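Undergrad: below: sequence and its predicted model.
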Amino acid sequence: LLTAFALGLHELVASEWVGSFHISVGLPLHPLQGLTQMVSHLRETIHLGQLFHVTEHIHLPWELRLESLLYRIPEEERLRFVESAHRYSQLFDDDETVATLETFFKMDCNVSETAKQLYIHRNTLLYRLDRIKQDTQLDVIRFEDAVLMRLTLLLYKVTKS
């Protein structure tokens, strides 16, 4: 319900206001208790949303739990992890590959749904995923490799921003 409210609010404001803005929605709370904490949490949610999901304008705290956890890792540890995956860096410079991976993860690693979302044939998506496997030795269809690729992609984004 809150997600639908945020989408409607964004459409309403976007139709009247020329400019870019971001919305974050939190769970209901008693105004006298925890208001400052909630405002701080929503600001952090918008910051994380802008950092990890550049094209989106609605950021929901319950959808950014992994990103929040990764952002709390000390910067030197994040850099060390990304440097250990240096062979992926050229992969992440390709916008088509990044979009493919992000959509694949957003669709819960479902090949058919990802192909529909990207408006490409299923075999084209399988070819792209196979090319990623050849370049990285990570088969993102396997859970373990998908988790590693997802973490690497998120950490790469935050260290390069």
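TA: Arrived safely. Because the structure is a prediction, the values reported are computed rather than measured.
Undergrad: could you list the buried residues of the helix or strand where residue 44 lies?
TA: Using DSSP states H and E, residue 44 sits within helix 35-52. Going by neighbour count (16 or more other C-beta atoms under 10 Å), the buried part of helix 35-52 is 38, 42, 44, 45, 46, 48, 49, 51, 52. C-beta here means a position set from N, CA and C on the backbone, and glycine is covered the same way.
Undergrad: which element follows that helix toward the C-terminus?
TA: strand 58-59.
Undergrad: low-confidence ranges, the protein, go.
TA: Within the chain, the ranges that satisfy pLDDT under 70 run 32, 161.
Undergrad: now the helices for it?
TA: 2-16, 35-52, 65-71, 75-84, 89-92, 95-106, 111-118, 122-136, 143-160 (DSSP state H).
Undergrad: residue 24 is nearest to which of those helices?
TA: helix 35-52 (4.3 Å; C-beta to C-beta).
Undergrad: next, the angle from that closest one to helix 95-106.
TA: 140 degrees (axes from the mean of the first three to the mean of the last three C-alpha atoms, to 10 degrees).
Undergrad: separation between residue 68 and residue 89?
TA: 24 Å (C-beta to C-beta, to the nearest Å).
Undergrad: chain center to stretch 36-47, what's the gap?
TA: In terms of C-alpha atoms, centre = their mean, to the nearest Å, the gap separating the centre of stretch 36-47 from the centre of its chain is 18 Å.
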